[in-house]
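Q: Requesting a structural model of the entry that follows:
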Amino acid sequence: MKNVLFAILMLLPMAASAFTGVVEIDGIMYDVSTKMQTAKAIGPSSKDITGQLVIPGTIIYDSKTCVVSSVAGFDSCMAVTSLVLEEGVSDIGNNAFKDCVNLGEIDFPLSLRNIRGTAFEGTPWYERQADGVVYAGKVAYRFKGDLPDNYDMVIKEGTISISERAFSIVRDIKSLTLPTSLRYIGDRAFMGSKITNLIIPDGVEVENRAFASCPNLKSIKLGNVSFLGADYDGKGYWFDSCNSLETIELHCKEIGKWFAEMPSIINVILGDEVEIIDDEAFFKCTGIKEIELPNSIKYLSGFDVCTGLTSISIPSSVIELGSYAFSGCTGITSLTLNDGLKKIGNYAFARCTGLTNLVIPNSVESIGTSHLYGDGRSFMECTNLSSVSLPDNIRELGEGTFGLCSGLTKVSLPKGLTTINPALFINCAKLNTITIPASVKRIYGGAFSECKELEDVYCYSTTVPEIVQATNYGNDPFYGSDIQYTILHVPAQAIESYKADNYWKKFKDIVPIPDYEVEKCATPTISYSNGRLVLDCETEGAECFATITDTDIKSYEGKEISLSATYIISAHAKASGYADSDVVTATLTWGDAGLKVENITVDSTSSNKCDVNADGAVDVADIATIINEMAARSRKEK
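A: A predicted model of the protein is given here:
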């Protein structure tokens, strides 16, 4: 049996494993990866190669088509007279064709991006190039000859790429003009040059350190460019050590961490093209005193520890403020948040010690994230913040949102809040009054810890909120706040419930909220449409309940008795944080004249309104359909 199984396995097709290694094809050695489907031409199999040398754009090995991306190792091939680089080749290595003393003609592909170092030094092709910028096809390769003092460099129109380190040793470039055709600037291309102003057009990809250590660079204007070569957290060094840079004008859709930790920057001009400013984009740019944000930005972050900023106005286009957006901006004294904003991220304004008042717009739905998903602390340590206005639309206040806001004296939480997260107002030393809305169902440990001045807590919930254990904060929401000296104010009808609770009874006294009546749920409406009775209530989150009674009406006309049926419907609504609604009563009468209603809205667009079961007849079966549905609602109530 084992032999039979082995024979069957031998007949199955074997999957070819990926190949990585060096192979020879048509006299050229390639470093091949069939898994990546890439290849590098690394030299000839013999230096005796003669005449025209063709480097193909692709090769086929082991039935895999591999793109030949780079070329190197053909130096000192004395008999090569011409070179054809096919489309696909993008990189020519250092010394690749150096001292090929008869190489006079070269065809360069449009795919070519980089020509490194002395790739063509010692070839007739290079020797006959004029002094100045040397072009290899559409690539600005390097500078040849002596550079004049204060040189104005113009890269000609039609150029697609500027090679890696192309002009890094050409230090006396005073000005630089780049063509609109440009699509790529290589690593360290202009590193160390003395240019004072830089304009990069739309569509250019810029490699790392392309303009690093340019000591005289004062202003930059960027079109919709992108930057390559960032490290794992998005930071790069494209303009590293450009210590004279003062003004940047940006017309990019997204701005990354391109100018972080550059305190020399004073002026930031943002075009209407900008939609996203990433985290840490201008981190520690302490020289920025003011900035006008265009009404095109949707995601805003990246100004953390910009201590020079004194005021900020968030445009209505912004939907989300990212984590740490303005954290540590100690100079901000004026903050305007406009309608349109929905989410304020973790630590967004933490340690903005200059803020004195805060008005959150009605559009905001969440501030920070729940402690179950990460930190909050959006306004933590805003020590001079004395007043906060929170709209009722907010559904989430993250952990520690206002922790250590030692200037706050009173706070009213939004009426839509259902959960009070840990450390929400921890260590608010001057907080003396807290208002908790009727919507709150649970409060986590540590929520109001160490609020030593707390005198009054107003809790409008008729149902005693649940106390929930919190990691790192225990199960005491008012830990260290001396609630044995604090008065708890609750709805009159809930006093006994709070006094009976093992936690809430710890307050000094529990008293009724004066002149307060629990808001009633809206009275439900009853409507009839397409054979169904529908109950509805305007109060958010409300549930409707109904009971039905029926009475046969008998009337005598001579020897005949006319029968009809009347159904009396009583309905009310309930919602968390509200008193039960008033009861609404309606009647539904069936007889020879069809359906008659009182206190019920009938959909005028419905057809055959009496034939509710759509059987073509108006009869007792239709009554049964409605009664069964309403009875189901009644059972739900029980």
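Q: On the three-state scheme, residue 498 is what?
A: helix (DSSP: H, G, I helix; E, B strand; the rest coil).
Q: So what's the residue count around the closest residue to it other than its chain neighbours?
A: Distances taken as C-beta to C-beta, 6 or more residues apart in numbering place residue 504 nearest to residue 498, at 4.5 Å, with adjacent residues excluded. Yep, even glycine has a C-beta here, placed from its N, CA and C like the rest. For residue 504, the count of nearby residues is 20 (other C-beta atoms under 10 Å).
Q: any idea how far residue 476 is from residue 504?
A: 12 Å (C-beta to C-beta, to the nearest Å).
Q: Poorly predicted segments of the stretch 51-200 of the chain, please.
A: For the stretch 51-200 of the chain, no stretch has pLDDT under 70.
Q: now the helices: where do they sit in it?
A: Ranges of helices in the stretch 51-200 of the chain, per DSSP state H, counting those that start in this stretch, are 124-127.
Q: Which parts of it are strands?
A: Remark: strands assigned in the stretch 51-200 of the chain by DSSP state E, counting those that start in this stretch are 51-55, 58-61, 64-71, 80-85, 91-92, 105-107, 114-115, 132-136, 139-144, 151-154, 161-162, 173-177, 184-185, 197-200.
Q: repeat for the stretch 251-400 of the chain
A: Using DSSP E, counting those that start in this stretch, strands in the stretch 251-400 of the chain cover 254-255, 267-270, 276-277, 299-300, 311-314, 320-321, 334-337, 343-344, 357-359, 366-367, 387-389, 396-397.
Q: Parallel or antiparallel, which strands does the third one pair with?
A: When pairs are called by DSSP bridges, strand 276-277 turns out to pair with strand 254-255 (parallel), strand 299-300 (parallel).
Q: Also the fifth one?
A: If you go by DSSP bridges, strand 311-314 pairs up with strand 334-337 (parallel).
Q: Quick check: buried residues in the strand it pairs with?
A: For strand 334-337, a neighbour-count test (16 or more other C-beta atoms under 10 Å) marks 335, 337 as buried.
Q: Contacts for it next, please.
A: Strand 334-337 is contacted by residues 310-314, 349, 352, 355, 358-361, 364 when judged by C-beta atoms under 8 Å, 6 or more residues apart in numbering.
Q: Weed out the non-buried ones from those.
A: For the contacts of strand 334-337, a neighbour count by 16+ other C-beta under 10 Å gives the buried set as 312, 314, 349, 352, 355, 358, 360, 361, 364.
Q: List the contacts of the first one.
A: By C-beta under 8 Å, 6+ apart, residue 312 lies in contact with 291, 293, 303, 326, 329, 332, 334, 335, 336.
Q: measure it to residue 176 for me?
A: In terms of C-beta to C-beta, residue 312 sits 34 Å off from residue 176.
Q: swap in residue 356?
A: Computed as C-beta to C-beta, the residue 356 to residue 176 distance reads 47 Å.
Q: Check residue 333 too.
A: With distances taken as C-beta to C-beta, residue 333 is found 40 Å from residue 176.
Q: what does residue 267 give?
A: 20 Å.
Q: now do residue 230
A: Going from residue 230 to residue 176 by C-beta to C-beta gives 23 Å.
Q: Looking at these two, which one has more neighbours?
A: Shown here are residue 230 and residue 176; by other C-beta under 10 Å, residue 176 has more neighbours (22 against 15).
Q: What's opposite that one in the beta bridge?
A: Applying DSSP bridges to residue 176 gives these bridge partners: residue 153.
Q: ok, it - contacts?
A: 153, 155, 190, 193, 195, 198.
Q: For the residues you listed, which entry has the maximal number of neighbours?
A: Going by other C-beta under 10 Å, residue 190 tops the contacts of residue 176 with 27 neighbours.
Q: That one touches residue 171, doesn't it?
A: No: using C-beta atoms under 8 Å as the test, residue 190 is too far from residue 171 to be in contact (9.9 Å).
Q: Tally up the residues packed near the residue nearest to residue 131 when sequence neighbours are not counted, please.
A: Counting by C-beta to C-beta, 6+ apart, residue 145 is the residue found nearest to residue 131 once chain neighbours are left out, at 3.1 Å. As a burial measure, residue 145 scores 10 neighbours (other C-beta under 10 Å).
Q: Distance check, residue 145 against residue 597.
A: Distance from residue 145 to residue 597, by C-beta to C-beta: 98 Å.
Q: domain parsing for this structure?
A: For the chain, the structural domains run 18-127, 411-518, 525-637, going by automatic domain parsing.
Q: closest to residue 345 out of those?
A: Closest approach to residue 345 among these is made by domain 411-518 (15.1 Å; C-beta to C-beta).
Q: Please, where are all the helices along the chain?
A: Secondary structure of the chain (DSSP state H): helices located at 2-11, 124-127, 495-500, 620-637.
Q: can I assume residue 600 is in contact with residue 584?
A: No: look at residue 600 against residue 584 with C-beta under 8 Å: they stay out of range, at 9.8 Å.
Q: Overlap in contacts, those two.
A: residue 526.
Q: Tally up the residues packed near residue 229, please.
A: Around residue 229 there are 14 residues (other C-beta under 10 Å).
Q: And for residue 602?
A: Burial of residue 602 is recorded as 12 neighbouring residues (other C-beta under 10 Å).
Q: Tell me the bridge partners for it.
A: With DSSP bridges as the rule, residue 602 is bridged to residue 528.
Q: so it touches residue 526, yeah?
A: No: Residue 602 is not in contact with residue 526 according to C-beta under 8 Å; the separation is 10.3 Å.
Q: Just the buried positions in stretch 62-72, please.
A: By 16+ other C-beta under 10 Å, the buried positions in stretch 62-72 come out as 64, 66, 67, 68, 69, 70, 71, 72.
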